[in-house]
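Colleague: Output the structure for:
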Amino acid sequence: KKCNFDILLSDLSNAPWPVMDIFDDIDDKWIDWKDLFLSIVDRHAPLMKGRAKKDKCEWLDGDIKSLMRSRKYYRRKFQKSRSQEVWERYRTLRNEVNCKVRQAKVLHFSTICQELKKQPRLAWKRLNSALGHRKGTAVSPLDCNGETLTDKPVITNKLVDLFTLLPARMPAVHSISLSSAPTIF
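Modeller: Numbers count the residues shown, from 1 in each chain. Now for the predicted structure:
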């Protein structure tokens, strides 16, 4: 971003490239060339580290963000001054932010639940988005008695059949009568 490419090209052209001729092995030449090239590039365009932002929280509005900025300001101010008044202001803002975030989340998810009753497809899409689930998760093929199934409805029907017939295939489990069950009290 802040790299001066003219100086970079000048340094690359003035680099001691013939030094690698002392090596006979091509691997050694490659390592020497790579180290020299990367040392010059790193000097002019160092690798920057950064954080990837998460998806936007749909319940976070401008008022809450403003309160968060104020809370951060007072926390930093307290760290410098250690004043009791500043601490009280920070603590009040911290509690207010927590309360507002909690209320906003409840309102947001209750709205999604209301939508779930009216439009299930849209509601699940928004709920998955809020929970961070990514779109496009593929269904793995299912091997059923030597037959490979890839169609989602067919896989679903086979799994339903499997789990509905499963209790009939399981050995009988001894049932406990209520009269012989131990009492807690």
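
Colleague: which residues of this protein fall in strands?
Modeller: 142-144, 147-149 (DSSP state E).

Colleague: quick one: average pLDDT of the first one?
Modeller: For strand 142-144, mean pLDDT rounds to 74.

Colleague: Please identify the buried residues of it?
Modeller: Leu142 (16 or more other CB atoms under 10 Å). In short, each C-beta sits where N, CA and C put it, glycine included.

Colleague: tell me what it is packed against?
Modeller: Strand 142-144 sits against strand 147-149, helix 152-169, with contacts defined as 3 or more CB pairs under 8 Å, 6 or more residues apart in numbering; DSSP states H and E.

Colleague: Just give the strands next to it in its sheet, each with its orientation.
Modeller: strand 147-149 (antiparallel) (DSSP bridges).

Colleague: Which residues does the strand it pairs with contact?
Modeller: 141-143, 155, 158 (CB atoms under 8 Å, 6 or more residues apart in numbering).

Colleague: thinking again about what came up before, got JSON lines for the strands of the chain, with distance to Thr111 too?
Modeller: As requested, those are arranged in JSON lines below (distance: least, CB to CB, whole Å):
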{"stretch": "strand 142-144", "distance to Thr111": "36"}
{"stretch": "strand 147-149", "distance to Thr111": "38"}
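
Colleague: Arg76 is nearest to which of those?
Modeller: strand 142-144 (55.6 Å; CB to CB).

Colleague: next one: the closest one to chain centre, how far?
Modeller: Mean C-alpha position of strand 142-144 versus that of the full chain (CA atoms, centre = their mean, to the nearest Å) differs by 31 Å.

Colleague: Great, nothing more from me.
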